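Okay, sequence plus prediction incoming.
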Amino acid sequence: MSVTNALPADAASAAKAASHALATLPASSRDNALTAIHAALSEAKEEILAANARDLALARKAAENGELSLSLLSRLDLGKKGKWEDMLSGILDVRGLEDPVGKVTLRTRLDDGLDLERVTCPIGVLLIIFEARPEVIANIASLAIKSGNAAILKGGKESTESFIAISKAISTALAKTDVPNSAIQLVTTRDVIPQLLALDQYIDLVIPRGSNDLVRFVKSNTKIPVLGHADGLCAVYLEHTADPEMAVKVVVDSKITYPAACNSAETLLVDSSALDVLLPPVAEALLAKGVSLRCDAPSKAALATKLDAQLSAILQDADGIDYDTEHLSLVLAIKAVSNTSEAISHINKHGSHHTDVIVTSSTSAAEHFMAGVDSAGVFWNTSTRMADGMRYGFGTEVGISTNKIHARGPVGLEGLMIYKYKIRGSGHVTADYGEGEGQKRFKHKRLDL
Ligand SMILES: NC(=O)C1=CN([C@@H]2O[C@H](COP(=O)(O)OP(=O)(O)OC[C@H]3O[C@@H](n4cnc5c(N)ncnc54)[C@H](OP(=O)(O)O)[C@@H]3O)[C@@H](O)[C@H]2O)C=CC1
Ligand SMILES: N[C@@H](CCC(=O)OP(=O)(O)O)C(=O)O
């Protein structure tokens, strides 16, 4: 892995050459590279956390000057409880996954001695642009190497020192393995992105992981296929048969465990018929955690009769924009709905098709919701924060795709694979096949995998 200062075309061309080498490397070589990366990061922990501290110091100053949102600041700290450990264990989890390369997913006998196979293979060269989240560079590097893909990475400017320190450790590790150093390259400034987006002769897929504006910018400025990982305007819907205690647990976890994450809840929908029973305990728990509640009239009226005067006084009035905003902070927009169909309509209109939840005791309501909501993740009685590659058992994730083609939701190894067709024949030619006199017919016999 290098912090590349090469010209974009040279970097992309080197990545293409590396991807060809990677595609034929045995799984053992790719797994050994992950072992080496894990060891190198462990050894460089002090240096990396010192670099991260420098990023944090600058970011805190920017936040104090109002130049950086507190939610973005919360993503930068690699020393935060368990983040370092999760980053390292994610590398070993990916190493332990089944090799995704060379899996036969279709076998058909076209004719005697003429067999067709569909076999998984890496996509090739990935350009991945992502937010200022230091651990992401190790997450993506491990998924790319395991899947035999080369990657050019560009992370958020606020974590540049952390990225450079991590990529230095990864580069040291790869130098001792069969994986070419140019397989994983880091660019540190966004000015090279437009040049990279023009290199469709080398780059096979662009994954913009960030805001809607970023995804739209990339889609408007490249011919390369784009797998967008956009914003997370996630909702939780409390249907009238929801268990009140479960409702509190699910909403609190969805909102406060990582408010800056794209899979955190931004909107709470509550059945009007259950406002008095379900909303007050949820609101009390959220207010106790410092969450600002922006309520529509029915939900505010219901709370005013149940909460003490002090709590009622801090309830805020929601305006329309609140239901179309990814707050990425301790703010939650609350709205009363008449039934599950109205909840579905609201989410499909105002959400970002990322992750949405229903809390209900009714199977039919749950199945109706999960069938009707057009999102990458539709969950019943669990937190929106479950939307995560590590939690799905993918080891870690490239991000959470809000695309509808190729990969949707948390993207692990499968999302970085495509396939090729192989035919093994013995001189068969198409002229021998057809409906004409003396011509043969294809057998098209499906064979076991
Ligand atoms: N679906 C998912 O998996 C994820 C979604 N997100 C979403 O991202 C948003 C917050 O993250 P935030 O950091 O503000 O996202 P941004 O989109 O602002 O930044 C993400 C990355 O994109 C780069 N970037 C942004 N605009 C451009 C551009 N015009 N040209 C080139 N590069 C660009 C940034 O570079 P620079 O740092 O130089 O500005 C950064 O590296 C939220 O909406 C969140 O939900 C975040 C993470 C995961
Ligand atoms: N899957 C991640 C959240 C996705 C993500 O990266 O979000 P963000 O904090 O916006 O960078 C998690 O659950 O922590």
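Happy to help now that I have it. Ligands and ions are numbered 1, 2, ... in the order given.

so what pLDDT did Val238 get?
Val isn't right for residue 238; it's Leu. Listed pLDDT for Leu238 reads 98.

Quick check: Pro259 touching Glu326?
No: using CB atoms under 8 Å, Pro259 is not in contact with Glu326; the gap is 10.5 Å. C-beta: built from backbone N, CA, C; applies to glycine.

Can you tell me the number of residues neighbouring the nearest residue to Ser171 once chain neighbours are set aside?
Leaving out its chain neighbours, the residue that sits closest to Ser171 by CB to CB, 6 or more residues apart in numbering is Met1, at 4.3 Å. Residues lying near Met1 (other CB atoms under 10 Å) number 28.

thought Met1 was touching Val179?
No: judged on CB under 8 Å, Met1 makes no contact with Val179 at a distance of 9.2 Å.

hey, C-alpha coordinates of the helix of greatest length in the chain in CSV?
Scanning the chain for the longest helix, with DSSP state H as the assignment, gives helix 45-64. Below are the C-alpha coordinates for helix 45-64, written out as CSV (Å, rounded to 0.1, in the frame of the first residue of the first chain):
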residue,chain,number,x,y,z
LYS,A,45,-0.4,1.1,17.2
GLU,A,46,1.4,3.9,19.1
GLU,A,47,2.5,5.8,15.9
ILE,A,48,-1.0,5.4,14.4
LEU,A,49,-2.8,6.6,17.5
ALA,A,50,-0.4,9.6,17.7
ALA,A,51,-1.2,10.5,14.2
ASN,A,52,-4.9,10.1,15.0
ALA,A,53,-4.4,12.4,18.0
ARG,A,54,-3.0,15.1,15.7
ASP,A,55,-6.0,14.8,13.4
LEU,A,56,-8.3,15.0,16.5
ALA,A,57,-6.5,18.1,17.8
LEU,A,58,-7.0,19.9,14.5
ALA,A,59,-10.6,18.7,14.3
ARG,A,60,-11.5,19.9,17.8
LYS,A,61,-10.2,23.3,17.0
ALA,A,62,-12.3,23.3,13.8
ALA,A,63,-15.3,22.2,15.8
GLU,A,64,-14.8,24.9,18.4
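
other SSEs contacting that helix?
helix 70-76, helix 160-174 (3 or more CB pairs under 8 Å, 6 or more residues apart in numbering; DSSP states H and E).

Pick the most buried one from the ones you listed.
When the helices and strands packed on helix 45-64 are scored by mean count of other CB atoms under 10 Å, the highest mean neighbour count falls to helix 160-174 (a mean of 23).

Give me the contact list for that helix.
Helix 160-174 is contacted from outside by 1-3, 33, 36-37, 39-41, 43-44, 47-48, 50-52, 54-55, 76, 78, 134, 137-138, 141, 153, 155, 180-181, 183-184, 186, 188, using CB atoms under 8 Å, 6 or more residues apart in numbering.

do stretch 289-304 as well
252, 255-256, 270, 272, 275-276, 279-280, 283, 286-287, 311-312, 314-319, 322, 330-336.

Can you give me the end-to-end span of it?
19 Å (CA to CA, to the nearest Å).

what's the answer for stretch 258-271, then?
Stretch 258-271 end-to-end distance (CA to CA) = 26 Å.

Wondering if it reaches ligand 1 at all.
Yes: interface with ligand 1: stretch 258-271 contributes Cys262 (CB under 6 Å from any ligand atom).

State the mean pLDDT of that stretch.
Computed over stretch 258-271, the average pLDDT equals 96.

Please apply the same query to stretch 76-91.
93.

export it as CSV, just CAs?
Extracted in CSV, the C-alpha atoms of stretch 76-91 (Å, rounded to 0.1, in the frame of the first residue of the first chain):
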residue,chain,number,x,y,z
LEU,A,76,-12.5,10.6,13.9
ASP,A,77,-11.4,9.1,17.2
LEU,A,78,-9.7,5.7,16.6
GLY,A,79,-9.0,5.4,20.3
LYS,A,80,-12.7,5.5,21.2
LYS,A,81,-13.9,2.4,23.1
GLY,A,82,-13.2,-0.7,21.1
LYS,A,83,-12.6,1.0,17.7
TRP,A,84,-9.0,0.0,17.5
GLU,A,85,-9.7,-3.6,18.6
ASP,A,86,-12.7,-3.9,16.2
MET,A,87,-10.5,-2.7,13.4
LEU,A,88,-7.9,-5.3,14.0
SER,A,89,-10.4,-8.2,14.7
GLY,A,90,-12.2,-7.2,11.5
ILE,A,91,-9.0,-8.1,9.5
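
Can you give me the buried ones in it?
Leu76, Asp77, Leu78, Lys83, Trp84, Met87, Leu88, Gly90, Ile91 (16 or more other CB atoms under 10 Å).
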